[in-house]
Structure formats: C-alpha cells, structure tokens
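Novice: Sequence isn't available, so here's the structure alone:
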C-alpha cells in the first residue's frame with residue numbers, strides 16, 4: 001500500500017502541468033471563438049498547450065522518476081528520461097518490423113503503435129527511480145572510477161531498460177489488449193460505465209489511488225484519452241468529456257451544499273469556527289475543484305455520509321453522460337476550468353451542468369442536513385470538543401504557517417518522531433517513527449481537516465491548498481541549520497552544540513570545547529568549501545566491507561538527508577583518519593567524530609546506528625577537537641560486539657556534510 005500511495009503522490013508531479021496546458025488551450029479557444037476563427041495568436045497558444053499535452057507520457061516518465069527517488073535529484077530525472085527513450089525506441093513499430101523481419105510496418109502488432117503512452121511512461125519512471133535508489137552510491141574499481149556514484153545511474157538504467165524492453169516485446173501486447181478490453185467494457189456500458197468510474201474515483205480518494213484509476217480514462221492507457229482529447233479538441237463531439245462532465249455539478253455545487261448543511265447543524269457556540277472551515281473548503285471546491293479538505297472533514301467521522309457522496313458522484317457522472325452535455329478540465333472540475341473550457345470545440349451544452357449543479361446543491365444539502373440531525377453524526381462543529389480548532393497561533397511561539405507547523409510537529413510526537421515530510425496537492429505525507437504518538441485531536445485543533453494512518457510508519461494529514469507552505473515551514477523548524485543534529489534522532493545536547501559548530505559557521509561555535517580551533521578552520525575554509533571537490537578520495541578509515549549509503553538501516557543516512565557518502569560494515573575496531581585533517585569535533589559519547597579536510601571538505605564518521613544510546617560504553621576517543629592529524633592517525637576505538645549486543649547496527653557511515661553533490665571514494 002505504501003508503494004502505491006507514494007506512486008499516487010508522484011503522479012501529481014506531472015499532472016501539475018495540466019493547468020498550464022488547460023489555460024493555454026482555453027485562451028486559444030476563447031480567442032478563436034471571439035475572432036470567428038483561428039488566428040496567429042490562437043494557433044500559437046494552442047500549439048503551446050499541445051506541446052505539454054502531446055508529451056504527457058514523457059512528463060510522467062520524468063516526474064515519476066523524481067517522485068519515487070529516495071532523494072530529489074536531477075540524476076533520477078535523467079534516468080527516467082533514459083529509460084523512456086530506450087523503451088519507446090526499441091519497441092517502436094519500425095524497430096519491431098526489423099526485429100521480426102516483417103516486410104511491412106503495417107504487419108506489426110498495433111500494440112506497438114501505442115507504446116508512447118502514460119502506462120509505459122510510469123514504467124520508465126519506476127525503472128529510473130529504482131536504478132537511482134540502488135546504484136547512486138556504487139563504487140567501481142579505480143580504472144572505472146569516473147563512472148562511480150551517480151554517473152553509473154544512467155548507464156545501469158539503460159541496461160535495465162534493455163531487459164525490460166525484451167520482456168515488454170511479449171508482455172506489452174497482452175497488457176495492451178487487457179487495458180483496451182477494460183476500457184471498451186466500460187465504454188460499451190455507456191452512461192452506466194461512467195457512473196461506475198465516478199463511484200470508484202471517490203472511494204479511492206482516501207488511499208490516493210484514484211490517480212491511477214484516472215489515468216485509464218483520462219490518458220491514452222486504454223485508448224480512451226478523455227482529458228487529452230478534450231483539451232486538444234481532437235476527440236469525438238458528444239462523446240469526449242463524458243468521464244469528466246459529471247464532476248462539475250458535484251464539486252461546484254453538491255459539496256458546497258454539504259458544507260452549508262454541516263455549518264447549520266453545528267453547535268451554536270462552535271458555529272463561528274465551523275463557518276471558517278466550511279467556507280474555505282467550499283471555496284476551494286467551487287472555484288478550483290479541490291475537494292479533499294471538505295471530504296476529509298466528514299470522511300472518517302461520518303463514513304456513511306462519504307459513501308453516499310460516492311454514490312451521488314457516480315449518479316452525477318451517469319446522468320451527465322446520458323444528457324447531451326460534455327465538458328472537460330485541465331486540473332479539476334471547478335469554476336475556473338469551466339470558464340476556460342466553455343468554448344472548447346468538444347464542449348457540448350455546458351450550461352446544462354449549471355442546472356444540474358443547482359439540483360445537486362439542494363440534494364446534498366437536504367440529505368446531509370437530515371442524516372446529521374437524525375443520527376446525530378459528529379461532523380465538524382458537532383464532534384468532540386477536543387477537535388475544536390484553536391484560534392491562530394494559540395500555544396505557539398511562531399506566527400503564520402510556522403505557527404501551524406510548530407503545532408503540527410508537536411502533535412506528531414516532536415521532531416525526533418518525524419522521519420520524512422512530503423506533500424501532494426492538499427495533504428502532508430510523512431513517515432513517523434512511532435505512530436502511537438500522533439495526536440489526531442491536536443492536529444485538528446491546529447487546522448488539519450483529517451488524519452490517515454495507512455499502515456506501517458505512514459501518516460497523512462489533510463490540510464488544504466496551502467499545504468506546501470506548511471510543509472516548508474515544518475522543514476524550516478525540523479532542519480534548522482543550527483539544529484541539524486536532530487536528524488541523528490535522540491542525540492544529546494552536547495552533540496547538538498558540536499555539530500552546530502560544524503554545520504552552521506558562526507552559529508553555536510562557542511558552545512563546543514574547541515571553539516577557537518573551529519573558528520580558525522571556518523575562516524580558512526569558507527572559500528575552499530565553495531570549491532570542494534566533486535569526488536572526495538579517502539583512505540578507508542576502518543577495516544571492513546564497503547556498502548552503499550542507501551543500505552544503511554537508518555533513513556536519515558540512507559536517504560542522504562545528512563549528506564552524500566558511503567558506509568562500512570566494520571571488521572576492525574579502530575577508526576583512523578582517512579586524510580590529513582583538523583579534528584573539528586569529538587562527540588562526548590565517543591561514537592562519532594567530525595573532520596575538516598585541507599580542501600574545505602567537512603566529514604562526519606559515525607560509528608554504528610543509534611549508538612548515542614550507549615552513552616560512551618564501548619567507545620574510546622584517541623584525539624580531541626582542534627588536533628591536527630595525518631592520514632592513518634588513530635581517532636577512536638570501539639567494541640563492535642558491544643554495539644551488536646545492545647541491539648544496534650555497527651555499520652559506519654562516512655558523510656560529506658557541506659557538499660551535496662560530492663561522491664566519496666575509498667582506497
């Protein structure tokens with residue numbers, strides 16, 4: 001489930017370009033309509049919109065590769081592109097004609113004529129992301145060292161894509177046939193099929209998997225391509241748009257009617273707060289077609305209402321498909337997209353959708369009002385007082401989104417409990433170390449519309465359209481440069497001061513024992529750090545097996561949060577200096593040491609994972625902060641048996657702290 005949720009989030013990245021294409025196409029149609037025909041401006045803007053729409057599969061390949069990578073990096077995007085080019089070229093009709101020895105390209109299976117589709121784009125993105133995650137820290141022999149690390153990713157991706165292309169030669173015709181059969185089955189069901197799609201679309205909202213379902217009907221996966229054909233004006237009039245039109249009455253009118261019902265049924269003393277929540281959610285639904293803030297406000301507190309909402313959506317899709325009305329969108333079924341696409345040549349009687357919308361407003365309002373009152377449902381304003389939203393910035397030392405972020409972090413169990421933070425259009429998507437510490441009531445009081453725990457360490461918090469600003473504010477607080485040692489999860493206050501002195505020049509340096517030595521190093525290396533080498537060649541600091549950083553059993557290291565590097569599964573017991581350096585910091589517990597190399601590189605050697613919990617037992621430091629050492633100088637000794645007996649991994653990461661693009665090579 002976690003994989004599919006992450007995939008759903010990644011799909012949003014390429015889908016995010018659709019509003020741009022919709023705006024360009026919409027303006028083009030408006031100009032053509034006003035001018036009585038195409039002119040140079042409308043043709044120019046239409047071609048610009050088509051440039052994005054016609055290359056959606058390629059955008060999916062790049063976007064999925066970025067979204068599924070452990071760390072956002074242009075290398076993963078390049079890998080997705082390499083996989084896409086390899087797959088589509090090898091499986092093109094012309095190539096297949098030559099491979100199969102056919103006399104005419106028309107004899108090639110028609111499945112290969114549709115190889116440039118979103119399905120293959122997603123596959124290429126997954127291949128690129130997997131190769132990046134697996135091989136970005138690969139170390140090759142010295143003779144091939146140029147191709148080590150991230151440079152190996154594109155090469156490996158090409159090789160994996162060759163294998164995938166061979167498999168697809170046999171699999172793709174079967175998959176394509178199945179997808180076409182599924183699409184044809186739905187399309188042959190006419191309006192009823194559109195209704196089934198609408199119902200399933202809403203049911204999958206809590207999991208985020210509705211994006212995958214949408215791709216079958218909106219893009220050229222099963223030959224339907226409803227969205228792209230509509231925006232390009234290249235579909236079939238009276239047919240194209242049937243898998244989108246029915247959403248407009250629900251999103252623009254139905255859900256705002258539900259919001260009004262929830263406001264009017266709220267307790268009198270909580271109406272003011274409920275009004276603010278419902279109004280902002282209704283506006284987002286009406287104008288933009290973003291429904292999650294409103295849907296999540298009752299999805300879990302009144303699941304039967306949500307099921308009714310899904311049924312209503314299916315009925316709306318079916319009714320709209322039965323009537324002579326068609327309309328599409330570039331982002332979602334809101335007022336903005338309706339205006340932009342009103343004059344689209346594929347639009348058919350869009351005014352009917354407004355009449356349907358008025359009817360759905362009263363249907364939603366009446367149904368929600370009656371059921372909430374009849375069954376005393378705990379919708380917003382009627383639930384536990386623990387969920388009542390605070391006034392802005394109450395109980396926080398910060399303002400604006402940073403105030404909300406501070407309350408969210410506290411409700412999620414604190415900084416140490418948050419392993420990863422990401423977001424999609426309206427939700428925070430996080431990895432939480434201990435989900436039992438998540439206070440859902442506190443999250444609601446802080447402004448969350450709802451909380452989902454899909455399983456494992458995954459937690460999603462629904463916020464709304466401004467979720468990006470909350471996520472940025474959370475990262476500002478969690479990863480403040482003077483507090484980056486928090487990424488070690490549970491490090492002592494003394495350690496924080498040491499790393500702060502190393503990571504934040506001029507901030508907190510006096511807090512460490514060798515402050516004067518560090519200040520001198522910072523002045524000497526501030527310019528050198530800007531010219532830090534792309535490849536950092538080091539002597540192996542301890543005997544053992546070199547492993548990629550991605551295999552370290554701690555996401556803070558494995559995902560490169562602390563910086564690039566490698567790791568060692570040690571067989572020795574002594575850490576030696578990997579190069580001539582100044583000892584920048586020695587952690588009081590003796591399990592880690594910071595070095596400043598002559599070229600400005602700042603290095604961290606961390607013995608074991610979570611070994612700070614051992615409080616120095618099993619560690620002996622042999623140097624102190626400020627010492628000058630040469631390559632091979634013993635720095636600390638450790639007892640690997642004690643580390644393992646304490647339940648910790650002895651794997652030792654070697655991290656470059658001040659150069660995110662560096663590659664570490666050990667000799």
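Specialist: Sure, I can see it. This one's a predicted model, so the numbers in the text were calculated from it and none came from an experiment. Residues are numbered from 1 along each chain as shown.

Novice: C-terminal to the lengthiest helix in the chain, what's the next element?
Specialist: Ranked by residue count and defined by DSSP state H, the top helix of the chain is helix 151-188. Using DSSP states H and E, the helix or strand that follows helix 151-188 towards the C-terminus is helix 191-203.

Novice: Would you mark the buried spots in that following helix?
Specialist: Within helix 191-203, the residues scored as buried using 16 or more other CB atoms under 10 Å are 191, 193, 194, 195, 197, 198, 199, 201, 202, 203. (Each C-beta comes from the backbone N, C-alpha and C, glycine too.)

Novice: do the same with stretch 600-616
Specialist: In stretch 600-616, counting by 16+ other CB under 10 Å, buried: 600-614.

Novice: quick one: which of these sit in helices?
Specialist: Using DSSP H, none of the buried residues of stretch 600-616 sit in helices.

Novice: wait, which of the residues you listed is closest to residue 636?
Specialist: The closest of those to residue 636 turns out to be residue 607 (CB to CB; 7.2 Å).

Novice: Looking at the buried residues of helix 191-203, which one is closest to residue 144?
Specialist: Checking the buried residues of helix 191-203 against residue 144 by CB to CB gives residue 201 as the nearest, at 49.6 Å.

Novice: Hmm, the closest one is touching residue 213, no?
Specialist: Yes - at 6.0 Å, residue 201 and residue 213 qualify as touching, with contact defined as CB atoms under 8 Å.

Novice: ok and the longest helix of the chain relative to helix 191-203, angle-wise?
Specialist: Angle, helix 151-188 to helix 191-203, by axes from the mean of the first three to the mean of the last three CA atoms, to 10 degrees: 140 degrees.

Novice: Just list what helix 151-188 packs against, helices and strands only.
Specialist: helix 74-90, helix 118-135, helix 191-203, helix 210-218 (3 or more CB pairs under 8 Å, 6 or more residues apart in numbering; DSSP states H and E).

Novice: Figure out the length between the terminal residues of stretch 325-335.
Specialist: Across its full length, stretch 325-335 reaches 16 Å between end residues, using CA to CA, to the nearest Å.

Novice: Deepest in the core, which of the helices and strands packed on helix 151-188 is it.
Specialist: Mean neighbour count (mean count of other CB atoms under 10 Å) peaks for helix 118-135 among the helices and strands packed on helix 151-188, with a mean of 25.

Novice: could you give the mean pLDDT of it?
Specialist: Averaged across helix 118-135, pLDDT comes to 87.

Novice: do stretch 171-182 as well
Specialist: Averaging pLDDT along stretch 171-182 yields 76.

Novice: Which residues are in contact with residue 127?
Specialist: Counting by CB atoms under 8 Å, 6 or more residues apart in numbering, residue 127 touches 79, 80, 83, 157, 160, 161, 164.

Novice: picking up where we left off before, out of the helices and strands packed on helix 151-188, flag the one nearest residue 349.
Specialist: If you check each of the helices and strands packed on helix 151-188 against residue 349 by CB to CB, helix 191-203 wins as the nearest, at 15.4 Å.

Novice: Can you add pLDDT and distance to residue 62 and give the contacts of residue 127 back as TSV?
Specialist: Formatted as TSV, these follow (pLDDT from 0 to 100; distance: CB to CB, whole Å):
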residue	pLDDT	distance to residue 62
79	92	9
80	92	5
83	94	10
157	93	12
160	94	17
161	94	14
164	93	17
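
Novice: Can you lay out the residues you listed as JSON lines showing distance to residue 40?
Specialist: Shown next, in JSON lines, are the contacts of residue 127 (distance: CB to CB, whole Å):
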{"residue": "79", "distance to residue 40": "39"}
{"residue": "80", "distance to residue 40": "35"}
{"residue": "83", "distance to residue 40": "38"}
{"residue": "157", "distance to residue 40": "42"}
{"residue": "160", "distance to residue 40": "46"}
{"residue": "161", "distance to residue 40": "41"}
{"residue": "164", "distance to residue 40": "44"}
